[in-house]
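Quick one: sequence and predicted model below, then my questions.
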Amino acid sequence: MIGRLTGEVIERKPDLLLLNVGGVGYEVNISLTTFGQLAETEGLVTIHTHLIVRDDAHILFGFGSINEREMFRALIKVNSVGPKMALTILSGLEAEAFAGAILSGDLKTLTGLPGVGKKTAERLIVEMKDKVDAFSVSGTGISSRMRGSVAEDAESALVGLGYKPQIAADAITQIEDPAEDVQTLIKQALKALMQR
C-alpha cells in the first residue's frame, strides 16, 4: 500500500495531480478540497494516499490531510458509495463539514452534493453516524484531531525538505503558539530551525 507521497507537482488539475517522486510521475486523483490546499504550494508537497487495485488498473487517491483520507476510507465502505462518489462528496464538503451534516442528519446539505439523492443521503447518515463518531470529528474532537494532522503534515513536509524526523518533530513541538494551518506551521518551524 502506498500511504504517502512527497514530490514536486508537475501538473495540477482540479481532479488530478501529477507528482514527480524520484523521477517517477504518479497520477493521483484528488478532491477539490485538496486541490484548493495545493493551489499555491510551490516546491515539494506531501499528500496522503489510498491505493485501489483493480484487475485493469491501480488507482491512487490523494488527500491534503490524514483526516480527509480517513473520511474517504470510511465512505468507500458504505454500500453503493465507490471511490469516485466518495471523492465527489469530499469535493463538495470538507471532511469536518460532512461529519457535521452526518451527525445532525442534515439531508438538505447531503442531497445538495452532486450524485447524492435522498436514499443515498439517508444511507450515509445511517451507516456513517457511528464511524464519524469514532473519528472524534464532532465538537472539540475536530480541533484536536485537525491539530494532530496539521502537525503531522508539517513534520512530513520538513522531512521532505531534508530535515531529520526527530529534528522536524522537535521544531514543531517547541513552537509557542502553533498555527492551525500547515503552511503557516511549516514557516514557524523553519524560522525556529533557522534561529538554532
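Yep, it's here. Keep in mind that what you see is a predicted model, and the values were worked out from it rather than measured.

Tell me, what's the model's pLDDT at the spatially most central residue of the chain?
Centroid-nearest residue in the chain, with Cα atoms, centre = their mean: residue 65, separated by 2.8 Å. Note for residue 65: predicted pLDDT of 86.

That one and residue 1: what is the separation?
18 Å (Cβ to Cβ, to the nearest Å). Using the backbone N, CA and C atoms, a C-beta is placed for each residue, glycine as well.

Could you say which helix or strand holds residue 6?
If you go by DSSP states H and E, residue 6 is part of strand 4-12.

and the next element down the chain from that strand?
Next in line after strand 4-12, if elements are assigned by DSSP H and E, sits strand 16-21.

ok, residues contacting that next one?
5-12, 25-30, 34-35, 38, 45, 47, 62 (Cβ atoms under 8 Å, 6 or more residues apart in numbering).

With stretch 58-65 instead?
Against stretch 58-65 from outside (Cβ under 8 Å, 6+ apart): 2, 5, 17, 19, 26-31, 33-34, 37-38, 47-52, 69, 72, 83, 87, 90, 95, 146, 149-150, 153, 182.

In helices only, show me these.
Taking DSSP state H as the definition of helices, the contacts of stretch 58-65 contribute 33-34, 37-38, 69, 72, 83, 87, 90, 95, 146, 149-150, 153, 182.

Flag whichever of these scores worst on pLDDT.
Ranking the ones in helices among the contacts of stretch 58-65 by pLDDT, residue 146 lands last with 40.

Quick check: pLDDT value at residue 187.
The score at residue 187 is 83. That number is its pLDDT.
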